[in-house]
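K.L.:
output the structure for:
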Amino acid sequence: MYRRLKSRIFGVMEPGDRNSKFFDPFIMVLIVLNVAVVVLETVDWLNASYAQLFRAFDLFSVAVFTVEYILRAWICTENPQFKAAFSGRLHYLITPMAIVDLVAILPFYLPFIFPELRFVRAIRLFRLFRILKLARYSDALKTFAEVLNLKKEELGVTFFATLILLVVSASMVYEAENEVQPEAFANIPDAMWWGVVTLTTVGYGDIYPVTPIGKIIGSFVVISGIGLFALPAGILASGFNEVLQRRKEKKRKRMICPHCHRYIGDYVMMKDEEDDA
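P.N.:
Residues are numbered from 1 along each chain as shown. Got it, this is the predicted structure:
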């Protein structure tokens, strides 16, 4: 009975399992409502009018998420990856999603453990991290994480190139503008702020070059920024295409007949067309 109960709970809580068709939507809706409550609490008149309701909802959510966290730590041994009773659970508890589950409930418990902390109020804003729990249930977020993992090297190279361009451009504009604008370009770190807003083509206008050489450098940085920030978009688009293509190939392989090695999907389509005729 113990094993059966454990297996049953595992089936209910595992995303994508046929037994989790009610549990998954419930948790997803609860997560979205939690984020909405955190946002609405910052509106003074709403917080004054519905403070007790917000508090009760937070208590209910923490209770649900705490029970979920404990149950997941208990049933994780049903997964072959965490089969060992002690080391398997320890391995599970340090996985990214288990850490996200822990972070989702910590803001509620920390004030009881450290009541004198001055930043307890700020800690409550960490409840927004509960939205990360959606990654377990959202196929879109899973796909995005898979793309980032697939293209992490290319994205890392792009980030490193951006960092080099930022340092070089900030150093050059500092040399060109420091004497004319000693307050705006007092040092290279200050100039890096100009480099960031210029490379991203935001250009707030609070700091800008006025010398001819500085303007030439600024023009070069703007043009370089447009081309450089187009690279991650292309890399991510290529990654999404590769991931979706892999999934199509896996789905196609599953539909190959083990006896005649024909693609069953095409056969079924042909059969349906014959029946319609």
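K.L.:
right, and S7 touches E78 too?
P.N.:
Yes: using Cβ atoms under 8 Å, S7 is in contact with E78, at 6.1 Å. Quick note: C-beta positions are derived from backbone N, CA and C, even for glycine.
K.L.:
give the other helices and strands that the host helix or strand of F26 contacts.
P.N.:
In this structure, F26 is located in helix 23-41 according to DSSP states H and E. In this structure, helix 23-41 packs against helix 44-75, with contacts taken as 3 or more Cβ pairs under 8 Å, 6 or more residues apart in numbering; DSSP states H and E.
K.L.:
average pLDDT across the helix it packs on?
P.N.:
The average pLDDT for helix 44-75 rounds to 92.
K.L.:
following that helix, which helix or strand comes up?
P.N.:
helix 87-93.
K.L.:
so which bits of that following helix are buried?
P.N.:
Judged by neighbour count using 16 or more other Cβ atoms under 10 Å, the buried positions of helix 87-93 are G88, R89, Y92, L93.
K.L.:
mind picking the two most distant members of the residues you listed?
P.N.:
Taking Cβ to Cβ, the two most distant members of those are G88 and L93; they sit 9.8 Å apart.
K.L.:
can you give the distance from stretch 154-174 to the centre of its chain?
P.N.:
When distances are taken as Cα atoms, centre = their mean, to the nearest Å, stretch 154-174 is centred 25 Å away from the chain's centroid.
K.L.:
which parts of that stretch are buried?
P.N.:
The neighbour-count criterion (16+ other Cβ under 10 Å) identifies E154, L155, T158, T162, L165, L166, S169, A170, M172, V173, Y174 as the buried residues of stretch 154-174.
K.L.:
return the residues in contact with the third one.
P.N.:
Read that as T158. Remark: with contacts taken as Cβ atoms under 8 Å, 6 or more residues apart in numbering, T158 is in contact with L228, L231, P232, I235.
K.L.:
can we see that at 10 Å?
P.N.:
By Cβ atoms under 10 Å, 6 or more residues apart in numbering, T158 lies in contact with K151, L228, F229, L231, P232, G234, I235.
K.L.:
just checking, the third one touches V196?
P.N.:
No: proximity of F229 to V196 does not meet the contact threshold set by Cβ atoms under 10 Å, at 11.7 Å.
K.L.:
overlap in contacts, these two.
P.N.:
Between them, F229 and V196 share the neighbouring residues T162, with contact defined by Cβ under 10 Å, 6+ apart.
K.L.:
I235 contacts L155, doesn't it?
P.N.:
Yes: with contact defined as Cβ under 10 Å, I235 reaches L155; the gap is 6.0 Å.
K.L.:
overlap in contacts, these two.
P.N.:
With Cβ under 10 Å, 6+ apart, I235 and L155 have common neighbours V147.
K.L.:
mind listing the shared neighbours of G88 and L93?
P.N.:
Taking Cβ under 10 Å, 6+ apart as the contact criterion, the residues that touch both G88 and L93 are C76, F82.
K.L.:
about what we covered before: could the buried residues of stretch 154-174 go into a markdown table alongside pLDDT and distance to D44?
P.N.:
Putting these into a markdown table (pLDDT from 0 to 100; distance: Cβ to Cβ, whole Å) gives the following:
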| residue | pLDDT | distance to D44 |
| --- | --- | --- |
| E154 | 89 | 46 |
| L155 | 89 | 41 |
| T158 | 88 | 43 |
| T162 | 87 | 40 |
| L165 | 88 | 44 |
| L166 | 89 | 39 |
| S169 | 89 | 43 |
| A170 | 89 | 41 |
| M172 | 92 | 47 |
| V173 | 91 | 43 |
| Y174 | 91 | 43 |
